[in-house]
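**Student:** sequence and computational prediction follow.
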2 protein chains.
Amino acid sequence: MSRLDQQMTFLQEADRLKSVLRATTLGDGSRMENSAEHSWHIALYALVLAEHAETPLDTGKMLKMLLLHDLVEIDAGDAPVFGDHDAGALAEREAQAADRIFGLLPDDQAQLFRAIWDEFEANATPEAQFAKSIDRMQPPMQNLASGGGSWIDYGVTHEMFEARIGPRIDTGAPKIWAWLQPRVAAFFSGRG
Amino acid sequence: MSRLDQQMTFLQEADRLKSVLRATTLGDGSRMENSAEHSWHIALYALVLAEHAETPLDTGKMLKMLLLHDLVEIDAGDAPVFGDHDAGALAEREAQAADRIFGLLPDDQAQLFRAIWDEFEANATPEAQFAKSIDRMQPPMQNLASGGGSWIDYGVTHEMFEARIGPRIDTGAPKIWAWLQPRVAAFFSGRG
């Protein structure tokens, strides 16, 4: 196979991410969101909101992370944040998926993309930390728009949200969490 | 409205791009593709294939173009390339859509994003030319995967494809067109 053959095989395999459904719906509640359109949406979030990071970010690198970050779900599936799953087993499935899917590319590009994915997963650089926080704040935005969405489906309370999601947004994007927190509180207060 | 209020309004409005359907299907033919997941897919195409451009590209700028380029379809709809439409009227609708949608952002960011969109539309820089060619070569890839797709729906012949699409891929990405052209020819030959 030529270099372009390998790249096109990877790009056609990537198409399958459009059929991986998430726990969140579109903002209008009409259907479940898929992981490909979610990846586009959070890349747009990151582009629009990067100015609110605590340190200047390499936006290009962050966009690459967000375009690539969910490809492993083609094999490993989406794991809803309030669902029941074995974190160790999931990490193992995702690592195997990364081996297979990035391995469709020419070796040098496979290594480059894998390094970007590893950097996102390791959550240690400013770009990864901001990107991860954005990935955590888009679903609440969808739920606020649709009137509850996955919070209702998974029986999520305000306390659960504050314990499991709040800190994960706050750590990489505190200014954005400061904006979102009272809006989420108002939603749960209105239901309670 | 605060700066973040304006940005979040824009990001929630962008969600509607997930409900704009295109003429092409997923590679497995299971349903029509929407413009949000298409935007993700071609950003990934551009990231993987940028090395085949004729001149070195600013990949970050190109990714921004591709993330933003279809937002106008929220108001103006998707215009299938083999469909019947008035190009002048479409351009006018898209310009009005760009005014409204980018206008949801803070002024400085609205101007910045509009400039990126204008650069893509003007098709005069290497990044815009490569991005436009990528935008034209992903639908044939979907059609090859699904066994015909929009070519069948719109009665497209090999001659029509060579006349209307080939030059638009070749102009910005000749190496990629050289790879794709014989594969498209083989598809139509197999049907004829």
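**Tutor:** That came through fine. In this text, all values refer to a predicted model and were calculated from it rather than measured experimentally.
**Student:** which residues of chain A fall in helices?
**Tutor:** Remark: helices assigned in chain A by DSSP state H are A:3-14, A:35-49, A:59-68, A:73-76, A:87-102, A:107-122, A:126-146, A:150-153, A:158-164, A:166-170, A:174-191.
**Student:** now the longest one: mean pLDDT?
**Tutor:** Helix A:126-146 shows a mean pLDDT of 97.
**Student:** quick one, what contacts the residue nearest to residue A:165 when sequence neighbours are not counted?
**Tutor:** In space, and not counting its chain neighbours, residue A:165 is closest to residue A:136: 5.9 Å by Cβ to Cβ, 6 or more residues apart in numbering or on different chains. The C-beta positions use only the backbone N, C-alpha and C, and glycine is treated the same way. Going by Cβ atoms under 8 Å, 6 or more residues apart in numbering or on different chains, residue A:136 touches A:81, A:165, A:168, A:169.
**Student:** for residue A:122, the count of nearby residues, please.
**Tutor:** Using other Cβ atoms under 10 Å in any protein chain shown, residue A:122 is surrounded by 9 other residues.
**Student:** check residue A:174 too.
**Tutor:** Counted by other Cβ under 10 Å, the residues lying close to residue A:174 total 14.
**Student:** show me what contacts it?
**Tutor:** Shown in contact with residue A:174 (Cβ under 8 Å, 6+ apart): residue A:54.
**Student:** next, residue A:78: phi, psi?
**Tutor:** phi -90, psi 130 (degrees, to the nearest 10).
**Student:** how many residues are close by the residue in chain A positioned nearest to chain B?
**Tutor:** Proximity of chain A to chain B (Cβ to the nearest Cβ) peaks at residue A:60, 2.8 Å away. Neighbourhood size, residue A:60 [other Cβ under 10 Å]: 17.
**Student:** next: residue A:151.
**Tutor:** Quick note: residue A:151 (other Cβ under 10 Å) scores 26 neighbours.
**Student:** before we move on, what about residue A:83?
**Tutor:** If you count neighbours by other Cβ under 10 Å, residue A:83 ends up with 11.
**Student:** where does pLDDT dip in chain A?
**Tutor:** Low-confidence segments of chain A, defined by pLDDT under 70: A:192.
**Student:** need the contact list for the residue nearest the centre of it.
**Tutor:** Note on chain A: the residue nearest the mean C-alpha position is residue A:135, at 3.9 Å, using Cα atoms, centre = their mean. By Cβ under 8 Å, 6+ apart, the residues touching residue A:135 are A:42, A:66, A:69.
**Student:** neighbour-wise, which of these leads?
**Tutor:** residue A:66 (30 neighbours).
**Student:** how about the nearest residue to it, chain neighbours excluded?
**Tutor:** Per Cβ to Cβ, 6+ apart, closest to residue A:66 is residue A:43, 4.3 Å.
**Student:** mind checking how far the one you found is from residue B:147?
**Tutor:** 30 Å (Cβ to Cβ, to the nearest Å).
**Student:** looking at these two, which is more packed in?
**Tutor:** residue A:43 (26 against 14).
**Student:** I'd say that one and residue A:67 touch.
**Tutor:** Yes. Using Cβ atoms under 8 Å, residue A:43 makes contact with residue A:67 at a distance of 5.9 Å.
**Student:** how far out from the middle of the chain is stretch A:38-54?
**Tutor:** Relative to its parent chain, stretch A:38-54 has a centroid offset of 11 Å by Cα atoms, centre = their mean, to the nearest Å.
**Student:** scratch that, stretch A:156-167
**Tutor:** That offset, for stretch A:156-167, works out to 17 Å (Cα atoms, centre = their mean).
**Student:** just the CA trace of that stretch, in CSV.
**Tutor:** What follows is stretch A:156-167, C-alpha atoms only, in CSV (Å, rounded to 0.1, in the frame of the first residue of the first chain):
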residue,chain,number,x,y,z
VAL,A,156,-28.1,12.9,38.1
THR,A,157,-28.6,15.2,41.0
HIS,A,158,-27.0,18.6,41.5
GLU,A,159,-24.7,17.1,44.2
MET,A,160,-23.6,14.3,41.8
PHE,A,161,-22.9,16.9,39.1
GLU,A,162,-20.9,19.1,41.5
ALA,A,163,-18.9,16.2,42.8
ARG,A,164,-18.1,14.4,39.5
ILE,A,165,-18.1,17.1,36.8
GLY,A,166,-17.6,20.5,38.4
PRO,A,167,-14.0,19.8,39.5
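**Student:** what residues of that stretch count as buried?
**Tutor:** Neighbour-count burial for stretch A:156-167 flags A:156, A:158, A:161, A:165, A:166 (criterion: 16 or more other Cβ atoms under 10 Å in any protein chain shown).
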